[in-house]
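Asks: how does the following fold in three dimensions:
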Amino acid sequence: MSRSPRTLATADSAVGTRAAVLLSFAIPLAVYLRTLHPGLPGPDSGELITVARILGVAHPPGYPLWTLIAHGFGMIVPFGAYAWRMNVLSALMQAGATAILCAAVIRLTGRASAGLAATLGLAFARAFWKSALVAEVFPLNDLMAALLWLAFASLLRDAGLAPGGSAEARSRRAWPPGLLILVTAAIPAHHHTCSRAGCRVIAARTRSGAPTLRSLPGSRVSDSRRSPISRSRPLSIRR
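Replies: Down below sits the predicted model:
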């Protein structure tokens, strides 16, 4: 039985999305591993590697989540010097962050090429690339931020505010808000810099129920169905 053109287009789009996400992970990872620090890096890396090995406490805020993940990774990977293994963990986390961000951009734009171009530009930015080569806590921070972006992009798409969105078909999906809450709850165990973004998105999702995101500018929902927050009078600014 032949499939309709719409079904074929959807299948082609799914294949393109998977290919873009895979490339946005594989290409940066290959470059990161090729340029990886081969041994014990300087500044905080030595402290973090030691903490991961002995399950100690790093400098404030302590980074307990990174310490547990790094310790487990060091036990699972049986080869190579321990410092090198921690450097590899940073490369994997940064490559994972680029792949997840690629998926988020595709959900917002509907274009696999946009997701791949955006994430490759990020992957080889100087600061981002540098963090992928040594044992550091920033790659986990980037990974958690990318997960927040993916959850937020999925919520926007489910609300019909992004290409391909269908609130009727996807309004009952539980994983975007679940992922959002999970990552936000884990932020205090690592670093506080992502907490504001996570809390704000959760507030936008829950303050007026599931349809809240439809009240954002550009929504096709009529004013009568928008949340009271969107109909409120703008605040006046006193000089």
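Asks: now residue 35: closest residue in space, sequence neighbours ignored.
Replies: Take residue 35 and drop its neighbours on the chain: the residue closest to it by CB to CB, 6 or more residues apart in numbering is residue 133, 6.0 Å away. Every residue, glycine included, has its C-beta placed from N, CA and C.
Asks: name the SS class of the one you found, please.
Replies: Here residue 133 takes the coil state, with states given by DSSP: H, G, I helix; E, B strand; the rest coil.
Asks: I'd say it and residue 89 touch.
Replies: No. With contact defined as CB atoms under 8 Å, residue 133 does not reach residue 89; the gap is 11.5 Å.
Asks: gap between residue 35 and residue 90?
Replies: Noted for residue 35: a distance of 12 Å to residue 90, by CB to CB, to the nearest Å.
Asks: which neighbours do those two have in common?
Replies: residue 133 (CB atoms under 8 Å, 6 or more residues apart in numbering).
Asks: buried residues in the longest helix along the chain?
Replies: Ranked by residue count under DSSP state H, the longest helix found in the chain is helix 5-34. Of all the residues in helix 5-34, those buried under the rule 16 or more other CB atoms under 10 Å are 16, 17, 20, 21, 23, 24, 25, 27, 28, 29, 31, 32.
Asks: same thing with stretch 39-53?
Replies: Within stretch 39-53, the residues scored as buried using 16+ other CB under 10 Å are 40, 41, 44, 45, 48, 49, 50, 51, 52, 53.
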